[in-house]
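Novice: Return atomic coordinates for the entry below.
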Amino acid sequence: MRDSDYRRPPHPIAWARKEGKGRVYFNAMGHWDDVWMSERFQQMLAGAAACATGADDAEVDANLFKVAPAAAAKEVGGAENDRH
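Specialist: Presented below is the predicted three-dimensional model:
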């Protein structure tokens, strides 16, 4: 895992954001059966569904550079791309 493909700044594997009048949720997990069996993963998906449908009024302000500061150095255009 020393290949340059693995030498990337940390990025969130799940995120949500506002888009127009709606919300977007992304999750890069769930590729293996054991992940779907995880109670924590199931709770995260339930929370994401509640947020996306408006049942939960969670804050989804952009914060990529707060949770992964190294991403700022790699993004073109700086904070204006802080949409993930």
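Novice: contacts, neighbours, all on C-alpha from now
Specialist: OK.
Novice: Taking the centroid of the protein, which residue is nearest it?
Specialist: Centroid-nearest residue in the chain, with C-alpha atoms, centre = their mean: W15, separated by 2.0 Å.
Novice: backbone phi and psi for R23, please?
Specialist: Note on R23: its backbone torsions stand at phi -140, psi 150 [degrees, to the nearest 10].
Novice: neighbours around it, how many?
Specialist: Using other C-alpha atoms under 10 Å as the criterion, R23 is surrounded by 15 other residues.
Novice: Could you do the one 5 residues further on as well?
Specialist: Burial of A28 is recorded as 9 neighbouring residues (other C-alpha under 10 Å).
Novice: Could you do A58 as well?
Specialist: Using other C-alpha under 10 Å, A58 is surrounded by 13 other residues.
Novice: name the element it belongs to?
Specialist: Secondary-structure assignment from DSSP states H and E places A58 in no helical or strand segment.
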